[in-house]
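J.: got a structure for you, letters missing:
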């Protein structure tokens, strides 16, 4: 007799439904929003906020209600929650355990390291960075927000805007994160109060305005949520029916994240000038992989790296910085297998390539190009390389930064020595203004002048994030001291 087909394995679905934390259901429809997003796009966002504002619980709720948790993970979290007597009733989960994976994090109930999680809905895919809230871990928040399309800034509805809230909002403005969504969490603990929500929304808008960023104020979104109960996280809540009226956004958090444009979708990626920091010079001189003709590669010379911005095509005129030599692109090679061989080396030859693709460029002239140099579009002309420049720093070192300190600058693929000149001031988190300072302490945000013995090809960070950013590194230990952004604004 023919074999009986096996029944589908529904264990994961049954476990998920049995352990699912209750979510408030509502029939109130979210307001219609015209979306221009690409259904297959990748959206990166980071969580920020003060200690115990509920960041990890919110992330766990997002993952749980988006059905992004495997059955064995859910069983482990349920078991640990029961062992620790997590409150809220039998079968409730401590959702923060889904992201707080370090032993010290679970013991203390805090986040220490940046936890990256990946999940997807039917609208788009997400990369989520759950950042710590403690002041001493601000460097991790800078790391998580540096590549984000949006920052979800949590505020405890009971405590309102705190110093760390201001600091993280300032970091978001400093890094020019395209979107900031403020989640007023634990709204259930203030009895779903519209008045309290309005107070916090006004405070956040005021702080954003004092940072001097009109774009930040314009794009700011504020949502009342309860990460523990699930209100307005994935589904709208009946208990905040007022949120669907007046000038409120009305959408739950996940819907907002699904419909926010990425950097490229918002138009910021259009017409960016081409930049490629050279990571390595490929010169086989006949010594290549098995099966490749040595004679065909004897005169091969290519300059490999990841395109930081813009687009390059065969025939484009480019300039090599800091030497200023001009030449033309005659070939664009990408890695591949021997079966894909279209030129002297295994791989493909392209007519055009765009960021963030890794490529090898062949140039018309034999120019002395080394690792750390920059190949840029000749039109429009890139800024002239400089030996002295002003920059904004997020100071992450334990020891204070003082004038005449000697450090290393890592810009793109180049690492050069530098000396700190003048410290123009540090940001006051109350007034949100730059105040005179003799030094920068841990977690300070300030403006300094830096001097280097060799010229660096720098872009303004407000125009090109990749080539307008750099790191300061300790010469002795190799540890990261600061995240730096080029420009006056």
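T.: Okay, I see it. These numbers were taken from a predicted model, which means no experiment stands behind them.
J.: What count of nearby residues applies to residue 380?
T.: Other residues within reach of residue 380, judged by other CB atoms under 10 Å, total 9. From N, CA and C alone the C-beta is placed, and that goes for glycine too.
J.: Then residue 352?
T.: Neighbour tally, residue 352, other CB under 10 Å: 13.
J.: any idea how far it is from residue 314?
T.: 7 Å (CB to CB, to the nearest Å).
J.: Wait, residue 323 touches residue 367, no?
T.: Yes - the criterion here is CB atoms under 8 Å, and residue 323 meets it with residue 367 at 7.5 Å.
J.: For the stretch 351-489 of the chain, which segments count as strands?
T.: 352-354, 358-363, 374-377, 386-395, 406-411, 414-428, 433-435, 445-456, 469-473, 480-486 (DSSP state E, counting those that start in this stretch).
J.: okay, those, which one's buried deepest?
T.: Comparing the strands of the stretch 351-489 of the chain by mean neighbour count (mean count of other CB atoms under 10 Å), strand 374-377 comes out on top with a mean of 24.
J.: can you tell me which of the strands of the stretch 351-489 of the chain the model trusts least?
T.: Note on these: lowest mean pLDDT is at strand 433-435, with a mean of 90.
J.: neighbouring contacts of that one?
T.: Residues outside strand 433-435 that contact it (CB atoms under 8 Å, 6 or more residues apart in numbering): 210, 424, 425, 426, 427, 428, 446, 447.
J.: rerun that using 7 Å as the cut-off
T.: 424, 425, 426, 427, 428, 447 (CB atoms under 7 Å, 6 or more residues apart in numbering).
J.: again, but for stretch 453-469
T.: Contacts for stretch 453-469 (CB under 7 Å, 6+ apart): 176, 272, 275, 308-309, 321-322, 374, 382-383, 385-387, 389, 411-412, 414, 416-417, 484-487, 489.
J.: if you set the cut-off to 8 Å instead, what comes out?
T.: 146, 176, 272-273, 275, 277, 308-309, 321-322, 373-374, 376, 382-383, 385-387, 389, 409, 411-412, 414, 416-417, 470, 483-487, 489.
J.: With respect to residue 360, which of the contacts of strand 433-435 is nearest?
T.: residue 447 (38.2 Å; CB to CB).
J.: and the closest one, what is it in contact with?
T.: Taking CB under 8 Å, 6+ apart as the test, what residue 447 contacts is 390, 391, 392, 393, 423, 424, 425, 434.
J.: For the fifth one, which non-adjacent residue is spatially closest?
T.: Translated: residue 423. residue 448 (5.2 Å; CB to CB, 6 or more residues apart in numbering).
J.: what residue ranges in this structure score low on pLDDT?
T.: Along the chain, the model assigns pLDDT under 70 to residues 1-40, 84-92, 96, 98-113, 133-137, 264-270, 286-292, 336-346, 489.
J.: Helices of that one, start to end?
T.: Assigned by DSSP state H, the helices in the chain fall at 11-19, 55-65, 71-83, 103-108, 138-145, 163-174, 194-210, 214-219, 253-259.
J.: can you put those in a markdown table and add distance to residue 226 and mean neighbour count?
T.: Shown next, in a markdown table, are these (distance: least, CB to CB, whole Å; neighbours: other CB atoms under 10 Å):
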| stretch | distance to residue 226 | mean neighbour count |
| --- | --- | --- |
| helix 11-19 | 19 | 13 |
| helix 55-65 | 9 | 25 |
| helix 71-83 | 18 | 15 |
| helix 103-108 | 22 | 12 |
| helix 138-145 | 23 | 24 |
| helix 163-174 | 18 | 22 |
| helix 194-210 | 12 | 17 |
| helix 214-219 | 24 | 14 |
| helix 253-259 | 11 | 21 |
